[in-house]
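Novice: Model the following, please.
(chains A and B)
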Amino acid sequence: MVKTADVVIIGGGISGVAIAYNLAKKGIKDVVVIEKNYLASGATGRCGAGIRQQWGTEMNCRMSKYSCEAFETLKEDLDYDGDIEFKQGGYLIISSTEKEHEQFKKNIALQNSLGIQSKLLTLDEAKEVVPFLNTDGLISATFHQKDGHLNPFHTTQAYAEAAKRLGAQIHTFTEVTDIIVENGKIKGVKTNRGDIATNVVVNAAGGYSQLIGNMVGLELPVFSERHQILVTEAVEPILDPMVMSFSLNLYCQQVPHGGFIMGRGDEGEPRDLRITSGWHFVEEMTKTITRVLPPLKNVRFLRQWAGLYNITPDRQPIYGPVDEVEGFYLAIGFSGHGFMLAPATGIVIAESIIGEKTTLPIDMLHINRFKEGNLIFEPSVV
Amino acid sequence: MRIEEHPILNFKRGKKIRFFFNDQEVEGFEGETIAAALHAAGVKSLSHSIENHRPRGLFCAIGNCSSCLMEVNEEPNVRICVEELKDGMKVKTQKGKGDIL
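Specialist: Numbers count the residues shown, from 1 in each chain, chains lettered A, B, ... in the order given. You can find the predicted model right below:
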């Protein structure tokens, strides 16, 4: 175990390894990632594997556009031998209420103004994208061809291997037990395998970010919530895009392997760190999805799992330093979409730590926005 | 050889029935599984591996391993080792992962 580091990143999910890669690429020598389990064992490896640019706030649109463009060349840029299973089959987002349809118009105007070529579709046009879509009760849809799929495990591995080649160290099965702060400055981290002296700590702990915040005496404005998900048996490809609805509370995508991955939220979910699976979800999910996509009645449900959304009040991430503790940086609160924002997270956090001008402006995502109260809410989250 | 004893399924042999394997008429018995009838008829290759298309035969015989997935009455991915044989059934070797449309 190393004794000192320039930067210690807590969390070996996609955000942590993307930050490590970008820091190492910028010449920071001793970058150390500490992961209490294995890489992508938390929310990254449990997510729906979707990437989209169809968001309802400027920052989410800009970060996801930057990230999606990065994914297009990621395999080559990271020189990865495996297949990250990048597929741009689009996202078809369907509306089922007038209010939602109105929101879609605003979202499309915003997305188009930022260079995202999404379109508002009639139901007939939506059926051209997914011929077996049951449009009963639906009003309209939006579609963006460049949205799609990416394998979270391979993508994490690709970043991790690239970071290691540049000199970063990744310690899995190592748990941070405390953070040492002296006179308001980060001095080191304690782990179950020894202490590391450092002046910079990045909290990229996903669903456990509050616990890491507590270690430096902060109550971070985030909470964690279980979200469940299931996968079916693999069949021949029949569904290109991710089909998603906020009002019907669902998302469903056929991944390259052939299985359908789908999930939905639950309003009654307690705010805790449980990641257990429940039968109630399976019943609600299968009932809902077979109404919208009837051929799925012919596919067998295979298995289910759950992961933690780390949620902020405005459903946008928290990036950058904090006023209270010098050297403590946040890359947290992704509210269910941290995987797809990883390239943006990696670059802006690295730039923020080094003190460079950030590729994307992140002032609006600073934690102080919650004190100041000028929030812009993301309406488009399942 | 005909499978007559099974650790979890009961094979109560009923009357002789006919079914189709890849459009060819085959005999079997009521009360046995599709796999048992195919095995007795000398059919050992049930499915093919996804990547290299190598033949796969009866393996776990209790519905766990997916080595015997076949198309039955146009439904893909049926575990024929635990599916009861019915008169007139159309059993086919499945191509690929199965078309559900």
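
Novice: my read: A:L330 touches A:F370, true?
Specialist: No - in this structure, A:L330 is not within contact of A:F370 by C-beta atoms under 8 Å, at 11.8 Å. Where you see a C-beta, it was placed from the backbone N, CA and C, and this is true even at glycine.

Novice: In contact with the residue lying closest to A:K187 once chain neighbours are set aside: list those residues for me.
Specialist: The shortest distance from A:K187 to any non-neighbouring residue, by C-beta to C-beta, 6 or more residues apart in numbering or on different chains, is to A:I180 (4.4 Å). A:I180 sits next to A:I186, A:K187, A:G188, A:V189, A:K190, A:D195 when contact means C-beta atoms under 8 Å, 6 or more residues apart in numbering or on different chains.

Novice: what do you get if the cut-off is 7 Å, keeping everything else the same?
Specialist: Neighbouring residues of A:I180 by C-beta atoms under 7 Å, 6 or more residues apart in numbering or on different chains: A:K187, A:G188, A:V189, A:K190.

Novice: cool, and A:R264?
Specialist: A:R264 neighbours (C-beta under 7 Å, 6+ apart): A:N249, A:L250, A:E284, A:M285, A:T288, A:V382.

Novice: From B:M89, how far off is the residue nearest to A:K187?
Specialist: 70 Å (C-beta to C-beta, to the nearest Å).

Novice: now swap in A:I367 and tell me
Specialist: Distance from A:I367 to B:M89, by C-beta to C-beta: 64 Å.

Novice: now do B:S45
Specialist: From B:S45 across to B:M89, the span is 18 Å (C-beta to C-beta).

Novice: Tell me the secondary structure of the residue in chain B positioned nearest to chain A, please.
Specialist: Using C-beta to the nearest C-beta, the closest approach of chain B to chain A is made by B:I100 at 4.1 Å. Here B:I100 is recorded as coil under DSSP: H, G, I helix; E, B strand; the rest coil.

Novice: tally of neighbours for it?
Specialist: A count of nearby residues for B:I100, using other C-beta atoms under 10 Å in any protein chain shown, gives 18.

Novice: I'd say A:L120 and A:K106 touch.
Specialist: No - assessed by C-beta atoms under 7 Å, A:L120 is found out of contact with A:K106, at 10.5 Å.

Novice: Please identify which of A:L330 and A:F370 sits among more neighbours.
Specialist: Counting neighbours by other C-beta under 10 Å for A:L330 and for A:F370 shows that A:L330 has the greater number, 26 against 17.

Novice: what lines up beside the helix or strand in which the more buried one is found in the sheet?
Specialist: Using DSSP states H and E, the element containing A:L330 is strand A:328-332. Strands that pair with strand A:328-332, judged by DSSP bridges, come out as strand A:201-203 (parallel), strand A:318-321 (antiparallel).

Novice: ok, B:H6 - how many residues close by?
Specialist: 16.

Novice: returning to what we had before: what about the nearest residue to the residue of chain B closest to chain A once chain neighbours are set aside, distance to B:E74?
Specialist: Excluding its sequence neighbours, the residue lying closest to B:I100 (C-beta to C-beta, 6+ apart) is A:N298, at 4.1 Å. Distance, A:N298 to B:E74, by C-beta to C-beta: 10 Å.

Novice: residues from chain B in reach of chain A?
Specialist: Contacts of chain B with chain A, taken as C-beta under 7 Å from any C-beta of the partner chain, map to B:P76, B:N77, B:G96, B:K97, B:G98, B:D99, B:I100, B:L101.

Novice: wait, what's in contact with the third one?
Specialist: Contacts of B:G96 were listed using C-beta under 7 Å, 6+ apart, and they are A:E236.

Novice: can you pull the pLDDT of it?
Specialist: Note for B:G96: predicted pLDDT of 92.

Novice: Just to be sure, it is in a strand?
Specialist: No - per three-state DSSP, B:G96 lies outside any strand segment and is coil.

Novice: Next, work out how far apart it and B:L58 are.
Specialist: Distance from B:G96 to B:L58, by C-beta to C-beta: 21 Å.

Novice: Could you do the first one as well?
Specialist: Applying C-beta to C-beta, the value for B:P76 to B:L58 is 18 Å.

Novice: what does the stretch 101-250 of chain A have sitting close to chain B?
Specialist: So the stretch 101-250 of chain A meets chain B at A:E233, A:A234, A:V235, A:E236, A:I238 (C-beta under 7 Å from any C-beta).

Novice: returning to what we had before: what residues sit buried inside the following helix or strand past the strand holding A:L330?
Specialist: Note on strand A:328-332: by DSSP H and E, the next helix or strand toward the C-terminus is helix A:342-354. For helix A:342-354, burial by neighbour count (16 or more other C-beta atoms under 10 Å in any protein chain shown) applies to A:A342, A:P343, A:A344, A:T345, A:G346, A:I347, A:V348, A:I349, A:A350, A:E351, A:S352, A:I353.

Novice: How about stretch A:187-196?
Specialist: For stretch A:187-196, by 16+ other C-beta under 10 Å, it's A:G188, A:V189, A:T191, A:D195, A:I196.

Novice: From the chain's centroid, how far away is the lowest-mean-pLDDT helix or strand in chain A?
Specialist: Lowest by mean pLDDT, DSSP states H and E among the helices and strands of chain A is helix A:369-372, with a mean of 93. Relative to its chain's centre, helix A:369-372 lies at 23 Å (C-alpha atoms, centre = their mean, to the nearest Å).

Novice: helix or strand for B:E71, which one?
Specialist: strand B:69-72.

Novice: could you say what helices and strands that strand packs with?
Specialist: Where contact means 3 or more C-beta pairs under 7 Å, 6 or more residues apart in numbering or on different chains; DSSP states H and E, strand B:69-72 is packed against strand B:75-79, strand B:90-92.

Novice: For that strand, give me every contacting residue.
Specialist: With contact meaning C-beta under 7 Å, 6+ apart, strand B:69-72 is reached by B:34, B:46-47, B:77-80, B:83, B:89, B:91-94.

Novice: Now the buried members of these.
Specialist: The buried subset of the contacts of strand B:69-72 - by 16+ other C-beta under 10 Å - is B:I34, B:L46, B:S47, B:N77, B:V78, B:R79, B:I80, B:E83, B:M89, B:V91, B:Q94.

Novice: How about the first one, nearest residue that isn't a chain neighbour?
Specialist: Which is B:I34. With C-beta to C-beta, 6+ apart as the criterion, B:I34 has its nearest non-adjacent residue at 3.9 Å, and that residue is B:I80.
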